[in-house]
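Colleague: got a sequence here, can you model it:
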Amino acid sequence: MRTGMFRVKHWPTAGWAGSRGGLDGASTGLDGSSRPRDGAAGRQAAAFLALTISLAVAGCSSPEDVAADVGTAEATASTSTTITTTATADAATGSAAATTLEDNAEKAGGKREFAYSWPAAVSAIPALVERFSAERDTALAEQKAEWNEALTEFAGQDCISCTSRDFAKQWKVVANLPRYLSLSADMYFYTGGAHGNSDFDGLVWDREARAAIAPAAMFRSEEDLQAALHGPWCKALKAERTKRLGADSDDDEIFPCPDIAQLTLLLGSSNKQTFNRIGLIAAPYVAGSYAEGPYEVTLPVAPKVLAAVKPEYKPAFALTK
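Modeller: Got it, this is the predicted structure:
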């Protein structure tokens, strides 16, 4: 886990490993398995994710960003940079594999850490690898530029938090259907201050169209999604907040139940053929304080949800049984 003065990683508290827990088959989640969503098991999962985040690339970095071999390091009296790329294919089948990029540096008392990964299912799709590689390289370049500005601005000052930067993004499979690959991403970033923060992302890859789709774009409109999901979402959120905080959470004036548009929406499946589960994630500060962490809820594809799906995507959805 990346820790340091004023820095604590705040990963999701749900006990999901690999795919989003429940979105691919559980009655209580996106994958159908009954996995713990809070308490000690959730904290262990969060610690595991922070400790074992293993990030991936497929050889798309520029020469200055990625050295030729794994574990290459450059060092001078004032600078230490370590760049690591990892891609371990299945030797028996020759299949694509999860890959990793970590780019960490220390300079003038400041520290910068960067990590980005995707699973084997992504590595098997060249166009998706290209998309994520471009996103990764842009994020890394922006972090380097901002870090160098901070090193100049706070040169000579004893302020570890001022010159420390951290970014991590890990893509995971939510559902792998014959036509569609549904993905989620856990993100962490620290740009100075009291603590870092976590966020989430979702994407569906259409193999036939060779195109990425935002999950919400598979529905008729933001208003239709709001009408179909907001009631069940608020009910589930209230139950989770009460369970987590140990008290009734009615009428929270600071954090009222957020609209669906403020959440990360994920599409899951229990039958590996159609989307029949909806995942909703509220990042810290969206549905509760930073200390509460993110809130993650899985809802069934009910008739109102199915009615909100665009006609061209209807064959990919099914009611939850």
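Colleague: show me where this structure has its strands.
Modeller: Taking DSSP state E as the criterion, the chain contains strands spanning 22-26, 30-32, 72-75, 79-87, 99-107, 110-118, 164-176, 180-190, 197-206, 211-213, 264-268, 277-282, 295-300.
Colleague: averaged pLDDT, the first one. What do you get?
Modeller: Per-residue pLDDT values across strand 22-26 average out to 67.
Colleague: one step back: out of the strands of the chain, which is closest to residue 256?
Modeller: strand 277-282 (11.7 Å; CB to CB). For glycine as for every other residue, the C-beta is placed from the backbone atoms N, C-alpha and C.
Colleague: and the contacts of that closest one?
Modeller: Here strand 277-282 makes contact (CB atoms under 8 Å, 6 or more residues apart in numbering) with 12, 20, 22-24, 29-30, 174, 184, 200, 202, 229, 233, 237, 258, 260, 262-270, 288, 294-301, 305, 320.
Colleague: which members of the residues you listed are classed as buried?
Modeller: Taking 16 or more other CB atoms under 10 Å as the criterion, what is buried in the contacts of strand 277-282 is 12, 20, 22-24, 29-30, 174, 184, 200, 202, 229, 233, 237, 258, 260, 263-270, 288, 294-299, 301, 305, 320.
Colleague: can I get the strands of the chain in TSV including distance to residue 132?
Modeller: What follows is the strands of the chain, written out as TSV (distance: least, CB to CB, whole Å):
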stretch	distance to residue 132
strand 22-26	20
strand 30-32	21
strand 72-75	22
strand 79-87	13
strand 99-107	10
strand 110-118	5
strand 164-176	7
strand 180-190	9
strand 197-206	9
strand 211-213	10
strand 264-268	17
strand 277-282	20
strand 295-300	23
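Colleague: going by mean pLDDT, which of these comes out lowest?
Modeller: strand 72-75 (a mean of 34).
Colleague: quick one: stretch 98-114 to chain centroid distance?
Modeller: Here stretch 98-114 is found 19 Å from its chain centre; the criterion is CA atoms, centre = their mean, to the nearest Å.
Colleague: how about the CA coordinates for it, as PDB?
Modeller: Output of stretch 98-114 as PDB, limited to C-alpha atoms (Å, rounded to 0.1, in the frame of the first residue of the first chain):
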ATOM      1  CA  ALA A  98      -2.900  -9.100 -17.900                       C
ATOM      2  CA  THR A  99      -0.100  -6.500 -18.200                       C
ATOM      3  CA  THR A 100       1.300  -3.800 -15.900                       C
ATOM      4  CA  LEU A 101       2.900  -0.400 -16.000                       C
ATOM      5  CA  GLU A 102       4.400   1.200 -12.900                       C
ATOM      6  CA  ASP A 103       6.400   4.400 -13.200                       C
ATOM      7  CA  ASN A 104       7.800   5.700  -9.900                       C
ATOM      8  CA  ALA A 105      10.300   8.500  -9.200                       C
ATOM      9  CA  GLU A 106      12.000  10.300  -6.300                       C
ATOM     10  CA  LYS A 107      13.500  13.700  -6.800                       C
ATOM     11  CA  ALA A 108      14.600  16.600  -4.600                       C
ATOM     12  CA  GLY A 109      12.700  15.100  -1.600                       C
ATOM     13  CA  GLY A 110       9.500  14.500  -3.600                       C
ATOM     14  CA  LYS A 111       8.000  11.200  -4.600                       C
ATOM     15  CA  ARG A 112       5.800  10.400  -7.600                       C
ATOM     16  CA  GLU A 113       4.000   7.000  -8.100                       C
ATOM     17  CA  PHE A 114       2.000   6.000 -11.100                       C
END
